[in-house]
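**Student:** output the structure for:
(2 chains)
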There are 2 protein chains.
Amino acid sequence: MTTHESTQSASGNLSAVLLTDWYQLSMLDAYYRLGMEQTAIFEFFVRRLPQQRSFLLAVGLDQVLDYLQNVRFTPEEIAWLASTKQLSSSTLKRLASFRFTGRVFAVPEGTVFFASEPILRVEAPLPEAQLVESRIVSLLHYQTLVASKAARCRLAAPKAQLIDFGMRRAHGAEAGCLASRASYIAGIDATATVEASYRYGIPRAGTMAHSFVQAHELESQAFLNFARCHPQNIVLLIDTYDVVRGAERVVEVAHRLRSDGIRIQGVRIDSGDLGELARKVRAVLDRGDCKDIRIFVSGNLDEYAIDGLVAAKAPIDAFCLGTRLTVSEDAPSLDCAYKLQQYAGRPLRKLSQWKETWPGPRQVYRQYDSSGYLGGDVLACEDEVIEGQPLLHEVMTNGRRLCCAPALDDVRAFCAEQLARLPPAYRTLEHVLQAPVKVSQRQHQLAEEVAQIPH
Amino acid sequence: MTTHESTQSASGNLSAVLLTDWYQLSMLDAYYRLGMEQTAIFEFFVRRLPQQRSFLLAVGLDQVLDYLQNVRFTPEEIAWLASTKQLSSSTLKRLASFRFTGRVFAVPEGTVFFASEPILRVEAPLPEAQLVESRIVSLLHYQTLVASKAARCRLAAPKAQLIDFGMRRAHGAEAGCLASRASYIAGIDATATVEASYRYGIPRAGTMAHSFVQAHELESQAFLNFARCHPQNIVLLIDTYDVVRGAERVVEVAHRLRSDGIRIQGVRIDSGDLGELARKVRAVLDRGDCKDIRIFVSGNLDEYAIDGLVAAKAPIDAFCLGTRLTVSEDAPSLDCAYKLQQYAGRPLRKLSQWKETWPGPRQVYRQYDSSGYLGGDVLACEDEVIEGQPLLHEVMTNGRRLCCAPALDDVRAFCAEQLARLPPAYRTLEHVLQAPVKVSQRQHQLAEEVAQIPH
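**Tutor:** All right, here's what the predicted structure looks like:
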C-alpha cells in the first residue's frame, strides 16, 4: 500500500491551530499572564456509551499525534488574532513560536474500550494542553464513532465483503476520508472514496451509477459498454428500471462477453426489498449459467439491515455501506470529554451534576480469562500495581512521536484480534448493560479525598 | 467582517478532485472512450424530508461554485491514478487539463425548500457533470442539514442569543467550520469556532472551561483572574462544583470588580436541570444586585430542549448549542440525490422501486398568499410558463461564476425573511405532513411518456 499523507489533501492542514474554540485562546492568554504554566494532565474518555453500543474502538490517535507535532500559528493567523484586540501583545508574541512540547500516553488504535476509560492522556504545560483540546476531541470522537459502528457491521456479517460508499453524505470532506480509514481499521474491506485510497492506501471498490445506464438508450448496451471499458472490474447496477429484467439482461450480456474472454464479477441491487430481490436475481443468474456472478446490495444499509438479511439467508455476497455508516445514524455522537485530571501535582475532579469525573492520572488494566476472552478491566490510579495488561503507553515525548505510526493493515489486524477476544455477549447487536469495568479501591479513595478539598 | 477564504484552511483545498467515488472515474473513462460527451443535466434534490422536518434551507452553493471553478488534477494525482492501471492512457492525458466547463442554475443560499424540489441544476458534458457528483452532494448535504436544524432552534427561541459551540463533536474539521457558516446563515448569532470566525467573519463568542476553574485552588480566585484578564468579555462558568454556591461567588466577585470598573456580562450553567438552576441563579444574582448579569446555558441543547425551557419561562438569556446542532442529532442525514434528468436532449427518469424520479430539467415556481406567506410551490418543466417566482437562477456559465458570492450577512438576512414568510404551521417543531408543493400537468405527462420509452 502506498500512502500520500503529506501531499495535498482533503482535510487540509492538520496543524490548523485555529480549529479550536475561542475560549481556549482566552484561557491560554490568561494562563500566560498569570504564570500558570505548570504541568497539566488531561484525559480523553467517553462518559457514557450510546444505548446501542456495548463497546467502542479507539481510533484517531495517528491524526492526533500528527496534529500535536505540527501545530503552529502562521504570521497571517497571528495578525488576525491581533486585529481582534482580545489577546495581550505578550501572548501574541509567544504564539509566534508556539509548539506543543508535552508527553502523550494512549491506547493503540483499534483497542476495544468502555465508558469512563481514558484512551489518551496529555501531560504538558497548562496553556499548551488546553489549546489543543478541541481538535483532539474532534479527531478522536469522529473516528472512534465510525469505527465502533463499522465493527458492528463486521460482526453482523463475518464472512461477507463490506464496502464503504459513504463519502458523499459524510459530514464534510475530512469526515468522508477519515470514515474510510476508521471503518477499514474496524474490518470494512474496501472504500469507494478515491481520496481515502490515495491518502491511506485503502483498497478501492466501485460499481456503476444509474446515470450510466440512463445515458444509454438501452440497458443492455450500457452493460456491454461498461464491461468492455472495464473488463477487470465489472459490477453492473441492475435496478434502474426493473431488477429481474436487469438480471436477465446481465445473463445475455455475460454470454456475449464470454467469447471475448470477459467475465462479469457482480451485479448490484440498490432499491426495493433487497432480500427478496437477491433471491430472484440469484435464481435468474443460476438458471442462466452465471453461478459465479456475485450479488452486491446497497441502500440505507447498517448492522441491523445486514443482520436481518444474513438471518434470512439472503444470497448476498457483498454489502455496500453508505450514509448510515459514515454518520453513525443510530448514534451520531459520543458523550466524550477531555478533562483536567491534575494540575501542578494536585489531583482534580469535576463535581458537576451528572458529569462527575474520576481524579488524577489513570491507567486501565485489562485481564483476560482462561479462554483468552476479555475478562474485565480495572480502572486504577496511574501509579498503582494491578494485575493485567496496562492499556495506555507513552507515544509522544517533548512533542515528538516516539515511533512511526504502525501500518494501517497492522492496525486492522490488531483490531480484528481485539474483536475476536470480546466475550460473545458483547459481539451481538443487543446492548449489554454492564461494562466489564471495575474501579480500584485507591481510585475510589482518591475520589473521596479530592471531593473533600475546599474550593 | 473580514474573511480569509483563500488562506490556509481547515477543510483544505476545496478543489480536491479526488474527493469523489471511484465509480465516477470508471464512468468518466468509459464516457471518454465511448465518445459520450453530449450535454447532461443533473439535479440535486432531497427525495423525502426526515420525519422531524417540515422544510429545509438550501445552503452550500458558495462552496459548490468555488469547487467547480477550481477543480483540477495535480500531476501527483494523475501519476497515482496511472499506477492503479484502471484508467486508459488517453483518459489520463485528458485529466491533466480537466476543467469544469458547464452551466449551473441554483436557488439562492438560505432559500426554504421541500421534498423533490431541485435546488441545483448542472448542465455540462456528461463526463464533467458525472465526476463532480460526490463532492457537490457532500457540500450541499451537510450545510443544508445543519442550517435546517439551526433554523428550528432559532424558531424555538426567537429572541434569545444562540451560540454555536459544536466544533469539537462535529464530524471532522470541515464539518466544524461549515456548521458555523450554515447555522449563522440560519439565524445563530455567533460561534466559538475560531477558524470559522477567521475564515467567514462570523462573530465570535466564548466563555471559560471547567479546567480553568479547577486549575485554581479556589473558584472565586478563578473568577477574579479570568475577569481581570478579559474585562471586555466575562462569562463565568459556575457549575464546576455547586451551581448556587458558584452564583453566590459571582455576586461577591462582581462587587469587588465594580470598584475597578469591570462588569461581569454573564454566567454559564453546563449541567443539571437547566431550567430549575437558572431560576435559582437568577434569584441569587437579583438579590445580590446583579440584575444585569445574563444567564447562558449549555449541555445537550437542541430545539426541543430550548422549546421546553422557553415554554417554562426559564430566565435564560443565551443558549449555547453544541453536538446536537452540528451532527443534527435527530436526523443526521438527508435522503438527497444528484440525478441525471436529461442526456443529449432525451429526458430521463429512474423507475427503481421507491426511488422513482421526475424527468427532464425542472423549475420551481413559488407563489405567495395575500398576507405575504408562502402559499405553495409548483414543480414544473424548466420551460413552462407558470405563475409565481422561479427559484432557480443561472449562477455559473462556462465554468465561471456569474457574480461574486453575496456577503454572508446578506445571505443571513435573506434567510430570516424566508423563515418569516413560512406559514405559521411550518414554523412549529411539529412535523407538517403535507408539503405545499404541486406538480404541473406537463411534468406529469412527461413522466408518463418517459416511463413508456423502451430501454
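**Student:** tell me the domain ranges of chain A?
**Tutor:** Per automatic domain parsing, the domain ranges recorded for chain A read A:22-147+A:333-452, A:160-326.
**Student:** would CSV of the ones you listed with distance to B:E384, mean neighbour count and mean pLDDT be doable?
**Tutor:** Just so you know, the C-beta spots here come from the backbone N, C-alpha and C atoms, and that holds for glycine as well. Formatted as CSV, these follow (distance: least, C-beta to C-beta, whole Å; neighbours: other C-beta atoms under 10 Å in any protein chain shown; pLDDT from 0 to 100):
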stretch, distance to B:E384, mean neighbour count, mean pLDDT
domain A:22-147+A:333-452, 44, 19, 95
domain A:160-326, 23, 22, 97
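**Student:** and of those domains, who's closest to B:K85?
**Tutor:** domain A:160-326 (8.4 Å; C-beta to C-beta).
**Student:** quick revisit: mind giving me a markdown table with the domains of chain A and columns for distance to chain B?
**Tutor:** Shown next, in a markdown table, are the domains of chain A (distance: least, C-beta to the nearest C-beta, whole Å):
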| stretch | distance to chain B |
| --- | --- |
| domain A:22-147+A:333-452 | 3 |
| domain A:160-326 | 3 |
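**Student:** of all these, which one comes closest to B:A337?
**Tutor:** Using C-beta to C-beta, the nearest of the domains of chain A to B:A337 is domain A:160-326, at 9.4 Å.
**Student:** tell me the secondary structure for A:Y365?
**Tutor:** Counting by DSSP: H, G, I helix; E, B strand; the rest coil, the backbone at A:Y365 sits in strand.
**Student:** does it touch A:L392 like I think?
**Tutor:** No - with contact defined as C-beta atoms under 8 Å, A:Y365 does not reach A:L392; the gap is 10.0 Å.
**Student:** dump the C-alpha coordinates for the helix ranked longest in chain A into PDB.
**Tutor:** The helix spanning the most residues in chain A, taking DSSP state H as the definition, is helix A:133-156. The C-alpha coordinates for helix A:133-156 follow below in PDB (Å, rounded to 0.1, in the frame of the first residue of the first chain):
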ATOM      1  CA  GLU A 133      -8.400  20.200  23.400                       C
ATOM      2  CA  SER A 134     -10.900  21.000  20.700                       C
ATOM      3  CA  ARG A 135      -9.000  19.400  17.900                       C
ATOM      4  CA  ILE A 136      -8.000  16.300  19.900                       C
ATOM      5  CA  VAL A 137     -11.700  15.800  20.700                       C
ATOM      6  CA  SER A 138     -12.700  16.300  17.100                       C
ATOM      7  CA  LEU A 139     -10.200  13.800  15.800                       C
ATOM      8  CA  LEU A 140     -10.800  11.000  18.400                       C
ATOM      9  CA  HIS A 141     -14.600  11.500  18.600                       C
ATOM     10  CA  TYR A 142     -15.300  11.000  14.900                       C
ATOM     11  CA  GLN A 143     -13.100   8.100  14.100                       C
ATOM     12  CA  THR A 144     -14.000   6.300  17.300                       C
ATOM     13  CA  LEU A 145     -17.700   6.800  16.500                       C
ATOM     14  CA  VAL A 146     -17.400   5.400  12.900                       C
ATOM     15  CA  ALA A 147     -15.000   2.500  13.800                       C
ATOM     16  CA  SER A 148     -17.400   1.400  16.500                       C
ATOM     17  CA  LYS A 149     -20.300   1.500  14.100                       C
ATOM     18  CA  ALA A 150     -18.300  -0.300  11.400                       C
ATOM     19  CA  ALA A 151     -17.300  -3.100  13.900                       C
ATOM     20  CA  ARG A 152     -21.000  -3.800  14.500                       C
ATOM     21  CA  CYS A 153     -21.500  -4.200  10.700                       C
ATOM     22  CA  ARG A 154     -18.500  -6.500  10.600                       C
ATOM     23  CA  LEU A 155     -19.800  -8.600  13.500                       C
ATOM     24  CA  ALA A 156     -23.200  -8.800  11.800                       C
END
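**Student:** do you know how far the closest residue in space to A:A124 that isn't next to it in sequence is from A:H393?
**Tutor:** Closest residue to A:A124 apart from its sequence neighbours, by C-beta to C-beta, 6 or more residues apart in numbering or on different chains: A:G102 at 2.5 Å. In this view, A:G102 and A:H393 are 15 Å apart by C-beta to C-beta, to the nearest Å.
**Student:** tell me how many other residues crowd A:I453.
**Tutor:** Neighbours of A:I453 under the rule other C-beta atoms under 10 Å in any protein chain shown: 12.
**Student:** phi, psi for it please.
**Tutor:** The phi and psi torsions at A:I453 (degrees, to the nearest 10) take the values phi -70, psi 130.
**Student:** who are the neighbours in contact with it?
**Tutor:** By C-beta atoms under 8 Å, 6 or more residues apart in numbering or on different chains, the contact list for A:I453 is empty.
**Student:** helix/strand/coil for A:V378?
**Tutor:** Classified using three-state DSSP, A:V378 is strand.
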